[in-house]
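# Sequence and computational prediction follow.
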Amino acid sequence: MQIKRNVVLAGLLCGLVGTANAAPKTPAYFNFFASPVRLDRYLRNMQAMESMRTVNEPKLKSDRSLEMQLRFTEQQRQGVLRWDFAPVAFSRVRFSVYNPNPERYKIFINARFVDSEKRVWQLNNGDKPLSSKKWNTMDAVLTETAVVTKKKGSADARGATPVFDYFDLVFSVQKDFTAVDQPFLLYLSGLECF
């Protein structure tokens, strides 16, 4: 009887382990703006980014998105959303930005993560602007695709398990951008870190 009971328990344990291994990886950190916590407790708008607020539309993965208003000027060609973390370890990031602006207004995006060792992990979409009238999704493994620097020099991050303190989402326009001093809206559908 004891042997039969042990076999049944072992079978149940194997089933649970198999289910756990088949389950999708859950984020170490995520935020889809559903919490009543004030945005200014962990988000800061800087430079050409004037304001932010949660809105119900447009939305992609949840009931709310973050609406960001930017106003580029002759002197200020980039707007920054700084996102503070309680220190958290992750290596992959995913987020989506909706660009409702006409295609002729080319807005570029870059993402920078700063870890506890003051290394900057920079993701760059190159010279391709945000697509107009659609969601633009960035899904990247930092340890494979990010350029890592520290105090203006390259940094060796091989085998690193970075613990991040904050994240900068940088929106910029080029020198030939003519629609200066006009408000532009962009929408962020959350952030997932794995």
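Structure received. Residues are numbered from 1 along each chain as shown.
# Run through the bridge partners of Thr98.
Let me fix one detail, which is that residue 98 is Tyr and not Thr. Beta-bridge pairing of Tyr98 under DSSP bridges involves Trp135, Tyr187.
# and Glu144, that one's in a helix?
Yes: counting by DSSP: H, G, I helix; E, B strand; the rest coil, Glu144 is found in a helix.
# any idea of the pLDDT on it?
pLDDT recorded at Glu144 is 88.
# ok, it - how many residues close by?
Residues lying near Glu144 (other Cβ atoms under 10 Å) number 8. Heads up, the C-betas are built off the backbone N, CA and C, glycines and all.
# correct me, but Arg116 touches Thr161?
One correction, residue 116 is Ser, not Arg. No: here Ser116 does not reach Thr161: they are 10.8 Å apart, not a contact under Cβ atoms under 8 Å.
# And the strands in this structure?
Remark: strands assigned in the chain by DSSP state E are 29-31, 43-47, 49-55, 65-71, 78-89, 92-99, 108-115, 120-124, 134-141, 147-150, 153-154, 163-172, 183-193.
# What strands flank the second one, and is each parallel or antiparallel?
What it means is strand 43-47. Sheet pairing for strand 43-47, using DSSP bridges, gives strand 78-89 (antiparallel).
# buried residues in the strand it pairs with?
Buried residues in strand 78-89, defined by neighbour count with 16 or more other Cβ atoms under 10 Å: 78-83, 85.
# ok, now stretch 44-59?
For stretch 44-59, a neighbour-count test (16+ other Cβ under 10 Å) marks 44-45, 47-49, 52, 59 as buried.
# Can you redo these as JSON lines, where the extra columns are distance to Gly153 and pLDDT?
Formatted as JSON lines, the buried residues of stretch 44-59 follow (distance: Cβ to Cβ, whole Å; pLDDT from 0 to 100):
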{"residue": "Arg44", "distance to Gly153": "27", "pLDDT": "97"}
{"residue": "Asn45", "distance to Gly153": "29", "pLDDT": "96"}
{"residue": "Gln47", "distance to Gly153": "25", "pLDDT": "97"}
{"residue": "Ala48", "distance to Gly153": "28", "pLDDT": "97"}
{"residue": "Met49", "distance to Gly153": "28", "pLDDT": "97"}
{"residue": "Met52", "distance to Gly153": "33", "pLDDT": "96"}
{"residue": "Lys59", "distance to Gly153": "41", "pLDDT": "92"}
